[in-house]
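> Sharing a sequence plus its predicted fold:
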Amino acid sequence: MFGQVRLDVWRARGVHRAPRPHAWWQRPGTAAVATAALRTAAVTVLAMLAVVLGAVLAVHGPSSDAPTALRPPAAPPAAPAAPGTQQPQTPQPSQTPGQPQKPGQPAKPGKPGTQQPGTPAPATRSIVLVPGDTLWELAARHRTTVGELQRLNGLGASTLIRAGETFRVAGAAGPEESGGGSAGAARAVAYARAQLGKPYVWGGTGPRGYDCSGLVMRAWEAAGVHLPRTTWDQVRSGRATTRSALVPGDLLITAKGGHVQMYAGGGTVIHAPRTGSDITVAPLPPDSQVVAYRHISASERSGG
């Protein structure tokens, strides 16, 4: 009741309660202002992104294999040559197959022991292995390597070799292996080598078997040289020589003049040893066992 009286008093006096103010977003025109502000902010952000993107493209440029500024200028087209003149050719750098060669860089030499393309294969020759031969001794004697000998003879990694086998070594035959340039000596040695494995026959001169002097006589006869029949006469054939000057086809008289052997090169001899044995290749006998060294030449036509 008291409250109603008080309200009536206020109304009588013309006093009214002031209306409560609106929030800022509820005020008239506020929504339009906010929308305009958002649009302005969006436009500003897009403008800044455009500026940043333009700066990035200006620094890096479009992607390509090489920057335009670093590309060399195109060479002008060559002028046509006048008739009758020859254009100089630019030398091309040598290249190893499978490996590019840089301009101005010299070609690297191949590794030792390797064959360069286009080079001819090295010459080889055959020898007969004798007891005591090893790959290392043969490599030293023929100035090559163990690996090269293994390759030439298909040994792989094996170092096993056997006496009596034919073995290939690199290099052309020297004076010793070629009979000092005598084709007759080469034919004589070839004949004796063809009789390897045939039996010793006392007094034999072939073709089924030989004694020592019969083998030597027939071998040189195949080369067109006639030697005496017995060792005692062959010791006077040809001319005297020395151990260091032996060449294939030379004779070695041993057993106090009772046995003859033919030098085959490479520190070996071919001979018919004794009854019950076969014609074989053997190492050069010690100098103390040799009575005489005799050199036989193709011009030898008779003994004496």
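It's in.
> The chain: helices as residue ranges?
Per DSSP state H, the chain carries helices over the ranges 2-13, 30-60, 135-141, 146-152, 183-194, 212-222, 231-234.
> Please produce CSV containing those, extended by mean pLDDT.
Converted to CSV, the helices of the chain look like this (pLDDT from 0 to 100):
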stretch, mean pLDDT
helix 2-13, 57
helix 30-60, 77
helix 135-141, 82
helix 146-152, 92
helix 183-194, 90
helix 212-222, 95
helix 231-234, 94
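> Residue 273: which of those is closest?
Nearest to residue 273 among these is helix 212-222 (7.6 Å), distances taken as Cβ to Cβ. Quick note: C-beta positions are derived from backbone N, CA and C, even for glycine.
> Compute the inter-axis angle for the closest one and helix 183-194.
130 degrees (axes from the mean of the first three to the mean of the last three Cα atoms, to 10 degrees).
> any weak-confidence spans in the stretch 101-250 of the chain?
101-122, 128-132, 164, 171-182 (pLDDT under 70).
> how about a cut-off of 90?
Judged by pLDDT under 90, the stretch 101-250 of the chain has its weakly predicted residues at 101-144, 162-187, 222-224, 244.
> Just tell me which of the helices of the chain ends up closest to residue 206.
Closest to residue 206 of the helices of the chain, according to Cβ to Cβ: helix 212-222, at 5.2 Å.
> Which positions within the closest one qualify as buried?
Using 16 or more other Cβ atoms under 10 Å as the test for burial, helix 212-222 gives 212, 213, 214, 215, 216, 217, 218, 219, 220.
> From residue 183, how far off is the last one?
Read it as residue 220. From residue 220 over to residue 183 the distance is 13 Å, taken as Cβ to Cβ, to the nearest Å.
> same deal with residue 295?
Applying Cβ to Cβ, the value for residue 295 to residue 183 is 16 Å.
> and these two? which has more neighbours close in?
In this view residue 295 and residue 183 are compared by other Cβ atoms under 10 Å, and residue 295 has more residues nearby, 21 against 12.
> Contacts only, for the more buried one.
Applying Cβ atoms under 8 Å, 6 or more residues apart in numbering, we find residue 295 in contact with 238, 239, 240, 241, 245, 247, 250.
> which one among the residues you listed gets closest to residue 37?
Nearest to residue 37 among the contacts of residue 295 is residue 247, at 116.4 Å by Cβ to Cβ.
> Indicate which one of the helices of the chain is closest to residue 275.
Using Cβ to Cβ, those put helix 212-222 closest to residue 275, at 11.1 Å.
> mind checking how far the nearest residue to residue 224 once chain neighbours are set aside is from residue 139?
In space, and not counting its chain neighbours, residue 224 is closest to residue 184: 6.2 Å by Cβ to Cβ, 6 or more residues apart in numbering. Using Cβ to Cβ, one obtains 31 Å as the distance from residue 184 to residue 139.
> before we move on, what about residue 193?
Going from residue 193 to residue 139 by Cβ to Cβ gives 23 Å.
> Apart from its neighbours in sequence, what residue is nearest residue 157?
In space, residue 157 is closest to residue 150, 7.2 Å off (Cβ to Cβ, 6+ apart).
> how near is that neighbour to residue 262?
The gap separating residue 150 from residue 262 is 30 Å, by Cβ to Cβ.
> re the thing from before, including distance to residue 166, could the helices of the chain go into JSON lines?
Output for the helices of the chain, formatted as JSON lines (distance: least, Cβ to Cβ, whole Å):
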{"stretch": "helix 2-13", "distance to residue 166": "142"}
{"stretch": "helix 30-60", "distance to residue 166": "74"}
{"stretch": "helix 135-141", "distance to residue 166": "13"}
{"stretch": "helix 146-152", "distance to residue 166": "12"}
{"stretch": "helix 183-194", "distance to residue 166": "10"}
{"stretch": "helix 212-222", "distance to residue 166": "18"}
{"stretch": "helix 231-234", "distance to residue 166": "28"}
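> still on that earlier bit, could you give me the ChimeraX syntax to select whichever of the contacts of residue 295 are buried?
Of these, the buried ones go into a single ChimeraX selection, burial set by 16+ other Cβ under 10 Å:
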select :238,241,247,250
